[in-house]
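Q: Here you go, sequence then predicted model.
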2 protein chains.
Amino acid sequence: MTATVPAPNVAPPLDFTALLSDRARKMTASAIREILKITQEPDVISFAGGLPAPELFPLDDVRAAMDAVMTRYGAAALQYSTTEGHLPLRQFLAERAGITPGHVQIMTGSQQGLDLLGKILISEGDIVLVESPTYLGALQSFQPYGPQYLEMPTDEEGIDVDALEELLKGLKAGGKRAKLLYAIPNFQNPTGRTLSKERRERLVNLTAEHGLLVIEDDPYGQLRFSGEAAPSLYQIALDRVGGNPDHSHIIYSGSFSKTLVPGLRDAWVQAAKPLIEKLVQAKQGADLHTPTLNQMIVTELLPTVLPRQIELIRKAYGERAQDMIRHIKAQFPAGVHHTVPQGGMFLWVTLPEGVDTLPMLARAVERKVAFVPGASFFALGGGHNTMRLSYSNATPQQIERGVKALAETISETVK
Amino acid sequence: MTATVPAPNVAPPLDFTALLSDRARKMTASAIREILKITQEPDVISFAGGLPAPELFPLDDVRAAMDAVMTRYGAAALQYSTTEGHLPLRQFLAERAGITPGHVQIMTGSQQGLDLLGKILISEGDIVLVESPTYLGALQSFQPYGPQYLEMPTDEEGIDVDALEELLKGLKAGGKRAKLLYAIPNFQNPTGRTLSKERRERLVNLTAEHGLLVIEDDPYGQLRFSGEAAPSLYQIALDRVGGNPDHSHIIYSGSFSKTLVPGLRDAWVQAAKPLIEKLVQAKQGADLHTPTLNQMIVTELLPTVLPRQIELIRKAYGERAQDMIRHIKAQFPAGVHHTVPQGGMFLWVTLPEGVDTLPMLARAVERKVAFVPGASFFALGGGHNTMRLSYSNATPQQIERGVKALAETISETVK
């Protein structure tokens, strides 16, 4: 049955491409995942993937949690469950945020949160404001829904709120209006930059004044290893409206992928009830519910394992970031700039104008090191002279050797 | 922080409903899930939900599989993994179907398969043929993508292929063309009916001639407890094109939810490579990948636990179906018809024309029994005199008492 020659009397196969939806034509493969495939040879040091350090995973705790869950819940851990999510998990998240479980929807990874938010909010042609650069996966989730992206300029403190204000004024003057703003205020992917407290407050007020919804994507917020924590946009907005989550225009997306483990795919969205109710409907159609067992395992890990892991990861990633920066400073040629993240997993390298990091990748892989060319992170193109480096999943030796190999590669072009 | 009075100086909250996408306006809550909430009081006998019998779940085997997976894979079981899915799982499914792993995409439950197929295939206004009645969840998945549904008449042997042929001819004569046909050939949800072998062959040929894509949804196919198995549409089409999966117009959706456990959310789609490649892109944006651990657990259960469970479930559901039918025959008033399923979890009851089962539900729940009013399963309305009964998750005592209570309820209306 595996012969590949069609029977002579049958019609030619369908033209599958012609049968795709208009929407499907807007989808593209993730450049990063394609790059990851190339660079997964074991001897290549990869600064490309945004992978959490697996040696820090709480393996024994997860095993113990599985066991406890099966003992406590039995068959219920493996049965269909509610679309909204495991109530004790939603209760924990709600209490932490000062809201109710009715304002929390569990998601199968934060990617699903972004997809379903795009699905319920973005109509064809709606204006969506994104950072320049921004998280590629968000662009990929939103893209099929037909957004018109506008880029917000950013600098070392994140979104340039003055420029955003001008942009919004310009839209208004032209009779247009943005629907949605997508931002990663903490240790942004890909730049590692953090939005300052003062800018957060202005951003919340400005977007409220203009009637914009804001998605605050915060997978890394708890992984701060230096500097001072700033409140979330969500918290600022909540305070601004007297603590009523149904009056807040900020939608918060959180995840356990970077603080516990990513492979369980457990994340959540906090938002006003009318949005949560629509998300529930969207999720019913998308996957009915997040795996029951996985939500219960995560819940089991909340009281003691989660805070311990956060401490562990902060320390490790802080050291790795410091290490990478030290070697970059020592080895990269002059004219190459980099960010100094206060947390998270990434830093961002900017080469002189005119340099293209895409062809550089092949030469870097020859030297056994990989990165992500920065252009992928720009919604409207450009950024060819940038690259994203991840330090989260590399040993000190790998960081030293990898940065050296990268410096040699860059120095071929940047003299 | 939980005060609900907004600060006096803040703007009124956003009109969230006005900010929803056009797509979101097409989404509705699942009537079934709403009904399930009402009927989850412990003393109500529910024939409403399509829940597998939890007392048959292989709890010890799942625990042993978790253990084996953690021992064998360690951190890799909890790390990010490929969008396509766990290779050993795809290999097993591919071998069983006589195709390659490149033709298999793992899904987070078959609901996700339906959602992503709708996403990549259905453009606004595309004609989608569905059985009358059909699976409510499929309608819910497709709905946001803007299909124009056409219903295919069905009878005791499933889709009426003669009527379908006329329908397709009529479309063609009118210069129109259907894009997609969605069918559940085995023990259909909601009717329990099975498409005969002869009709399967005609359906495959007819749809191939008309250049239609067909989604064959088969969550129950292995749960046959009487009669003779018919080949899948997928297998028939594969034979028809000399075994080349890239020349087949049938897309097969399979699931482990009804044969192993539903709470792990593991399912798959088999299709031609150009479609699988687009599904991979869609899935990257939807949830990156199905939870790694869950795929590994399922893979562990394939060699011995899966076949044993299938035997166990077949026997149990067969007995329960027989029981329910025996009591229905003894107790339901004349003029009430029911299907006789050869497998799966459901049977379908048709009351005399003019009777509405929706108001009957409240009276049934007073008698401590629940069902799903059939109207929900009709894409274009109608079917008010029908109901779906599930026998999979009820003891002999519950079936006896439940059917008796239901018979009393029906008899109030049907004399």
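A: Right, received. Where do you want to start?
Q: And for A:Lys278, the neighbour number?
A: By other Cβ atoms under 10 Å in any protein chain shown, the residues close to A:Lys278 number 25. Bear in mind the C-beta positions are built from the backbone N, C-alpha and C, glycine included.
Q: And A:Pro144, by the same measure?
A: 25.
Q: Looks like it contacts A:Arg23 (just checking).
A: Yes: with contact defined as Cβ atoms under 8 Å, A:Pro144 counts as touching A:Arg23 (4.5 Å).
Q: list residues touching both of these two?
A: Common contact partners of A:Pro144 and A:Arg23 (Cβ atoms under 8 Å, 6 or more residues apart in numbering or on different chains): B:Lys119.
Q: just checking, next helix/strand downstream of the helix ranked longest in chain A?
A: Longest helix in chain A by number of residues (criterion: DSSP state H): helix A:305-331. Once the chain leaves helix A:305-331, the next helix or strand it forms, by DSSP states H and E, is strand A:337-338.
Q: Now do that next one, average pLDDT.
A: Taken as a whole, strand A:337-338 has a mean pLDDT of 98.
Q: Note down every partner strand of that strand and its orientation.
A: Using DSSP bridges, strand A:337-338 pairs in its sheet with strand A:346-350 (antiparallel).
Q: tilt between whichever helix or strand comes after the strand it pairs with and strand A:346-350?
A: Following strand A:346-350 in sequence order, the next helix or strand is helix A:357-366 (DSSP H and E). Helix A:357-366 and strand A:346-350 are oriented at 120 degrees to each other (axes from the mean of the first three to the mean of the last three Cα atoms, to 10 degrees).
Q: Return the set of buried residues in helix A:357-366.
A: Using 16 or more other Cβ atoms under 10 Å in any protein chain shown as the test for burial, helix A:357-366 gives A:Thr357, A:Met360, A:Leu361, A:Ala364, A:Val365.
Q: list the contacts for the second one?
A: This points to A:Met360. A:Met360 is in contact with A:Pro373, A:Met387, A:Thr409, A:Ile410, A:Thr413, counting by Cβ under 8 Å, 6+ apart.
Q: List just the nearest of the residues you listed to B:Asp266.
A: The closest of the contacts of A:Met360 to B:Asp266 turns out to be A:Pro373 (Cβ to Cβ; 34.7 Å).
Q: ok so, going back, any residue of the longest helix of chain A up close to chain B?
A: No: contact of helix A:305-331 with chain B (Cβ under 8 Å from any Cβ of the partner chain) is absent, the minimum separation being 11.9 Å.
Q: model confidence over that helix, on average?
A: Here the average pLDDT along helix A:305-331 is 98.
Q: Buried ones in that helix, by neighbour count?
A: With burial defined by 16+ other Cβ under 10 Å, the residues of helix A:305-331 counted as buried are A:305-306, A:309-310, A:313-314, A:316-318, A:320-321, A:323-325, A:327-328, A:331.
Q: quick one: average pLDDT of stretch A:61-70?
A: For stretch A:61-70, the per-residue pLDDT averages 98.
Q: Can you point out the buried residues in that stretch?
A: When burial is assessed from 16+ other Cβ under 10 Å, stretch A:61-70 yields the following buried residues: A:Asp61, A:Val62, A:Ala65, A:Met66, A:Val69, A:Met70.
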